[in-house]
Structures are given as C-alpha cells and as structure tokens.
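Student: Show me the folded form of this:
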Amino acid sequence: MTAKLPELGEKYSVELWLWNGFPADVRDWAGTPFTLTAGDTVCDGLALGGKKGTPNALAALAKDGEPVSGKAAVPFRGWVHAAFVRDGETVRLYLS
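Tutor: Presented below is the predicted three-dimensional model:
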C-alpha cells in the first residue's frame, strides 16, 4: 500500500499487524512491512531480520543508516502487533 501523507513532523507512531511468512535464512532481510520515504530516500521504517540482523527480529530503519535489530523474534508464520515510534531523534520499536 502506498499513501501520500502530510508532513509528519518529529513525533509520530505507526502501528500495524503483521504476519511473518519468510524464513530468516533466505534473504538478508526477511521483510520490510513499513517504510517512510521522501522521494527515493528512506527516512524511517520497520524491517524483519534475516541473514543480516537478528533473525526474524524487528529492526528499525533509521535515516541514512543500516537497520538496527532488536532482540525479540517475530514468530515464523505468526501474527504480531508492532509499533514504530519516532520521538525526535529517538526511535522505539514495540512488539505485541
């Protein structure tokens, strides 16, 4: 899904339900359920670790950097509730 949004500012949250259907050992990143872009530049996002990062764990895609993985894994073929929260320069990820 693609949506054009107004300027979000420095504080916003994105919540979603996701189903992890990719094994962690197949790709560098198992999936990218959310990205916020400005043109072709990724500003923020949420990924699932694969060969890179912690396998099947949520990872924050932050401005101009490599994703930073958390420690809690998203169960393979399972539904979870996830949240990406930006508060200025701080990003927090929440899982279920």
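
Student: in the chain, which spans are strands?
Tutor: 11-19, 29-38, 41-49, 57-61, 68-73, 79-87, 90-95 (DSSP state E).

Student: quick one: contacts for the residue nearest to Gly53 when sequence neighbours are not counted?
Tutor: Distances taken as Cβ to Cβ, 6 or more residues apart in numbering put Ser69 closest to Gly53, at 3.6 Å, once the chain neighbours are dropped. For glycine as for every other residue, the C-beta is placed from the backbone atoms N, C-alpha and C. Ser69 makes contact with 49, 53-54, 57-59, according to Cβ atoms under 8 Å, 6 or more residues apart in numbering.

Student: For stretch 69-85, could you pull out the residues that count as buried?
Tutor: In terms of neighbour count (16 or more other Cβ atoms under 10 Å), stretch 69-85 has its buried residues at 69-70, 73-74, 80, 82, 84.

Student: can I get the strands of the chain in TSV with mean pLDDT and distance to Thr2?
Tutor: Output for the strands of the chain, formatted as TSV (pLDDT from 0 to 100; distance: least, Cβ to Cβ, whole Å):
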stretch	mean pLDDT	distance to Thr2
strand 11-19	94	14
strand 29-38	85	10
strand 41-49	86	14
strand 57-61	88	17
strand 68-73	84	25
strand 79-87	94	17
strand 90-95	91	22
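
Student: Any chance of those in TSV with distance to Ala3 as columns?
Tutor: Converted to TSV, the strands of the chain look like this (distance: least, Cβ to Cβ, whole Å):
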stretch	distance to Ala3
strand 11-19	11
strand 29-38	10
strand 41-49	14
strand 57-61	17
strand 68-73	25
strand 79-87	15
strand 90-95	20
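
Student: which stretch among those strands comes nearest Leu5?
Tutor: With Cβ to Cβ as the measure, strand 29-38 is the member of the strands of the chain nearest Leu5 (8.2 Å).

Student: Done for today, thanks.
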